[in-house]
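Novice: Predicted model follows, preceded by the sequence.
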Amino acid sequence: MFTVPEHVRQTATTLLSTLKPLPLDTPNLPPMLPGGLPFVGHASELRSNPVAMVQRGRDMFGDIFCVRLPGTLGVVMTGHAAQEKYFRFRDDEVSQREAYQLMTPVFGKGIAYDAEPQIMKEQLGFFHGALRESRLRTYTDGFIAESEHFFGQWGQTGEVNMLEVGNEVTLYTSTRCLLGDKMRFKLSKEFSELYADLEGGINVISFFAPYLPLPAMRRRDKARVKMVELIEKIVAERREGPQSHEDILQTLVESSYADGRKLTVDEITGLILTIMFAGHHTSGVTFSWIAVLLAQHPHIFRRLVAEQREILGDRERITYDDLQKMKLLEATIKEALRLYPPIILVMRRVLKAFDFQGKHVPEGSMIIASPAAGQRVPEIFPEPHRFDPDRFMPGREEDKRWPYGHIAFGAGRHRCMGIVFAQLQLRALWSHLLRNFEFDLLDPSYPVDYTNLIVGPRPPCRIRYRRVQQSAGA
Ligand code: HEM
């Protein structure tokens, strides 16, 4: 019997859904943002400058308004009350599954967002073990070793694309934590090439039609098959060898579901990719924004160098406990993430209609929260466009006053599981740089680049570094 290939079926379903009329006659619908094109609605504006679009809607209508997306009514929710409502929904009220279906070809069928909520919960639960404190201490040793190795290869002075630097150094730290120190040197090239092909298949097109038979999607699918083969070899070696390993792969190899079933290699690979996609570029672009912001604000740079000196004295070797004491550096990272969150929008499909501020949001619509716009609301963060790490220091702590204000890591039940990991990694890298280098900007401006799903500064993001005297006491 003739069967329709999966990618054809999926693409046809997506294209047909774009022709479905939107429920625009729903009584009390939030106001509709003017503009948009036939069929695609506001999708093109969402693609070119999503933050300006969200801000335009907020300026016109306040906390809640609608946009037209292909086949879907979008409802944008910004401001503290709206963000609180958004992040407090339960999984039976709103769903991430459909919103993030573009990730299914990469993570795999039945993995993470494609799994039933209970299974996804168990799968994410495996990460809790991999991210516990004792493990974070081990990973931190890796971050420190990588900082010394990677930046040790820099000369006395040089020009770099800081975005490339951020993505490269965090790729090495990620491979160390995921697959172990040995694999960082042995595997990085093969792993990073496959990973690049997987990434190439994730774009705005795949958001609406993840199975279109385009070259990038085919490369993505081939890369996933090869990635499973690669992980399978490592898992087989581990199952034979007596050595113990302190990495995320090992946690997954040793984990089982509540019913006692062990994870398949496909599931292990999918979860490795889930954590890689969640944590790699997000940390890489944040690393590069910190460089830009510190070069633009030398007085903060000087205070951060002084903090290093105060905590470390003349010591060159830093520890996990030292990193915990770097409060101004922690606040600086938080402030970089407030101004430039790498995930600018998060989405959920509405499973149960709800009311908010007298407006009715129907079942089936896609609700959208925006860390990028929501973190620049002046009622939450005064002078919102100013880079001011002190807003998170004792005495002010603006984030504590507004628990749903700083949402770069999301909030509520699906809040990022890698917050501590990301903070430690960025602190380790920047502690090294602050003690060893100074930076100057080379480009007239460093605008935001909205062409990638994880949003960072637009290349080339050129920065000049200059090596300074080695010791913290210098
Ligand atoms: C600066 C770095 C990072 C940023 C800005 C970031 C941001 C986010 C955001 C916004 C979400 C919530 C998405 C939503 O609500 O739809 C999230 C979820 C998640 N993040 Fe991160 N992330 C970062 C680093 C990491 C790292 C390093 C890891 C792992 C080591 C990680 C693992 C996860 C996981 C597993 C989830 C899903 C949680 C759930 O759905 O319950 N993230 N992240």
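Specialist: Right, received. Where do you want to start? Residues are numbered from 1 along each chain as shown.

Novice: which residue packs closest to the residue of the chain found nearest the ligand, ignoring adjacent ones?
Specialist: Using C-beta to the nearest ligand atom, the closest approach of the chain to the ligand is made by Gly418 at 2.0 Å. All C-beta atoms are positioned from the backbone trio N, CA, C, and that covers glycine. Distances taken as C-beta to C-beta, 6 or more residues apart in numbering put Gly279 closest to Gly418, at 4.8 Å, once the chain neighbours are dropped.

Novice: show me the residues around the residue of the chain closest to the ligand that make contact.
Specialist: Going by C-beta atoms under 8 Å, 6 or more residues apart in numbering, Gly418 touches 131, 275, 278-279.

Novice: how far out from the middle of the chain is stretch 106-122?
Specialist: 18 Å (C-alpha atoms, centre = their mean, to the nearest Å).

Novice: Also stretch 175-193?
Specialist: 20 Å.

Novice: And the contacts of it?
Specialist: 139, 142, 145-146, 171-172, 230, 234, 245-250, 272, 275-276, 421.

Novice: quick one: average pLDDT of that stretch?
Specialist: On average, the pLDDT along stretch 175-193 is 83.

Novice: coming back round to it: and the contacts of stretch 175-193 near the ligand, which?
Specialist: Restricting these to those near the ligand by C-beta under 6 Å from any ligand atom leaves 275, 421.

Novice: Run through the strands of the stretch 251-400 of the chain in chain order.
Specialist: Using DSSP state E, counting those that start in this stretch, the strands found in the stretch 251-400 of the chain span residues 346-350, 354-356, 359-361, 366-369.

Novice: Return the most buried member of those.
Specialist: Counting by mean count of other C-beta atoms under 10 Å, strand 366-369 has the highest mean neighbour count of the strands of the stretch 251-400 of the chain, with a mean of 22.

Novice: Other residues contacting that strand?
Specialist: Contacts of strand 366-369 with the rest of the structure, by C-beta under 8 Å, 6+ apart, involve 54, 67, 69, 72-78, 82-83, 86-87, 94, 99, 345-350, 361, 407.

Novice: what pairs with that strand, and is each one parallel or antiparallel?
Specialist: strand 72-77 (parallel), strand 346-350 (antiparallel) (DSSP bridges).

Novice: Now render those strands as a markdown table, adding mean pLDDT and distance to the ligand.
Specialist: As requested, the strands paired with strand 366-369 are exported to a markdown table (pLDDT from 0 to 100; distance: least, C-beta to the nearest ligand atom, whole Å):
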| stretch | mean pLDDT | distance to the ligand |
| --- | --- | --- |
| strand 72-77 | 96 | 13 |
| strand 346-350 | 96 | 4 |
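
Novice: Can you say which of the ones you listed is nearest to Ala295?
Specialist: Nearest to Ala295, of all the strands paired with strand 366-369, is strand 346-350, at 29.6 Å by C-beta to C-beta.

Novice: In CSV, list the C-alpha atoms belonging to the closest one.
Specialist: Taking C-alpha atoms only, strand 346-350 is exported to CSV below (Å, rounded to 0.1, in the frame of the first residue of the first chain):
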residue,chain,number,x,y,z
VAL,A,346,9.0,32.1,24.7
MET,A,347,5.7,30.5,23.6
ARG,A,348,2.9,28.1,24.7
ARG,A,349,-0.2,26.8,23.0
VAL,A,350,-3.4,27.5,25.0
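
Novice: switch to numbering from 13
Specialist: With the count now opening at 13, the last piece we talked about shows up as strand 358-362.

Novice: Show me what that strand is in contact with.
Specialist: Contacts for strand 358-362 (C-beta under 8 Å, 6+ apart): 87, 98, 101, 105-112, 373-383, 422.

Novice: just to revisit the earlier point, quick one: neighbours of the residue nearest to Gly430, just the number.
Specialist: Look at Gly291: counted by other C-beta atoms under 10 Å, it has 21 neighbours.

Novice: what residues does the stretch 163-312 of the chain put near the ligand?
Specialist: 287, 290-291, 294-295, 298.

Novice: Try it again at 8 Å.
Specialist: Within the stretch 163-312 of the chain, the positions lying close to the ligand (C-beta under 8 Å from any ligand atom) are 186, 189, 260, 286-287, 290-292, 294-295, 297-298.

Novice: just to revisit the earlier point, could I get the strands of the stretch 263-412 of the chain as TSV with distance to Tyr223?
Specialist: Output for the strands of the stretch 263-412 of the chain, formatted as TSV (distance: least, C-beta to C-beta, whole Å):
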stretch	distance to Tyr223
strand 358-362	19
strand 366-368	31
strand 371-373	29
strand 378-381	19
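
Novice: So for Pro35, which of those strands sits nearest?
Specialist: Nearest of the strands of the stretch 263-412 of the chain (C-beta to C-beta): strand 371-373, 10.0 Å.

Novice: who does the closest one pair up with?
Specialist: Strand pairing for strand 371-373, determined by DSSP bridges: strand 366-368 (antiparallel).

Novice: SS state for Gln67?
Specialist: Per DSSP: H, G, I helix; E, B strand; the rest coil, the local secondary structure of Gln67 is helix.

Novice: typo on my end, it should be Leu36
Specialist: coil.

Novice: quick one, what contacts it?
Specialist: Going by C-beta under 8 Å, 6+ apart, Leu36 touches 44, 85.

Novice: switch the cut-off to 7 Å
Specialist: Applying C-beta atoms under 7 Å, 6 or more residues apart in numbering to Leu36 gives no contacts.

Novice: repeat for Lys371
Specialist: With contact set as C-beta under 7 Å, 6+ apart, Lys371 has these partners: 40-42, 76.

Novice: ok, now Ser300?
Specialist: Contacts for Ser300 (C-beta under 7 Å, 6+ apart) come out as 174-175, 178, 468-469, 473.

Novice: which one of these has the most neighbours?
Specialist: Counting neighbours by other C-beta under 10 Å, Met174 leads the contacts of Ser300 with 29 neighbours.

Novice: can you list the residues of the stretch 313-462 of the chain near the ligand?
Specialist: 349, 353-355, 358-360, 381, 383, 419-431, 433-434, 437-438.

Novice: next SSE after the worst-scoring helix or strand of the chain on mean pLDDT?
Specialist: The weakest-scoring helix or strand in the chain, judged by mean pLDDT, DSSP states H and E, is helix 18-30 (a mean of 60). With elements assigned by DSSP states H and E, the helix or strand that comes after helix 18-30 is helix 55-60.

Novice: What lies in contact with that next one?
Specialist: Counting by C-beta under 7 Å, 6+ apart, 47, 49, 65, 81-82, 216, 462 sit against helix 55-60.

Novice: buried residues in that helix?
Specialist: Neighbour counts over helix 55-60 (16 or more other C-beta atoms under 10 Å) mark 55, 57-58 as buried.

Novice: need the contact list for Phe77.
Specialist: Contacts for Phe77 (C-beta under 7 Å, 6+ apart) come out as 42-43, 45, 69, 88.

Novice: Oh, that last question was meant for Leu453, not what I typed.
Specialist: 307-308, 475.

Novice: now those residues: which count as buried?
Specialist: Those of the contacts of Leu453 that meet the buried threshold are 307, 475, by 16+ other C-beta under 10 Å.
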